[in-house]
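**Student:** Sequence isn't available, so here's the structure alone:
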Ligand SMILES: [Mg+2]
């Protein structure tokens, strides 16, 4: 699905879902920023008391991975709604950030770190 679906299509689907329920009034940048953090915490809850190894194993379990995917979807949906609300081009923002990170974290230096 990721290879067939565009970010624009996902943004439109989220926008449609929100508009059909007249939720634009609630989907303000402030509320959405908070919602992103809350849903991110719901992902963390799955891993809270696990060791590094247990957390790696958790996502190998299909049922647990589906639960985590559900929370990841919540985060991403709120991110897309945030982008809609704040009129941010997600693809441009990511590409711009990756280019900036290329200079901040050169490969040669990153490979020196333990
Ligand atoms: Mg959730």
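**Tutor:** Perfect, I can see it now. Everything numeric in this text was worked out from a predicted model, so none of it was measured.

**Student:** tell me the pLDDT at the residue nearest the centre of the chain?
**Tutor:** When CA atoms, centre = their mean is applied to the chain, the residue found nearest the centroid is residue 76 (3.8 Å). We note a pLDDT of 98 for residue 76 in this prediction.

**Student:** Please, which helix or strand holds it?
**Tutor:** When secondary structure is defined by DSSP states H and E, residue 76 falls within helix 62-86.

**Student:** Also residue 43?
**Tutor:** Taking DSSP H and E as the definition, residue 43 sits inside helix 29-47.

**Student:** got the buried residues for that helix?
**Tutor:** Residues of helix 29-47 classed as buried under the neighbour-count rule (16 or more other CB atoms under 10 Å) are 31, 32, 35, 36, 39, 40, 43. All C-beta atoms are positioned from the backbone trio N, CA, C, and that covers glycine.

**Student:** cool, stretch 4-17 as well?
**Tutor:** Of the residues in stretch 4-17, 10, 11, 14, 15 count as buried by neighbour count, 16+ other CB under 10 Å.
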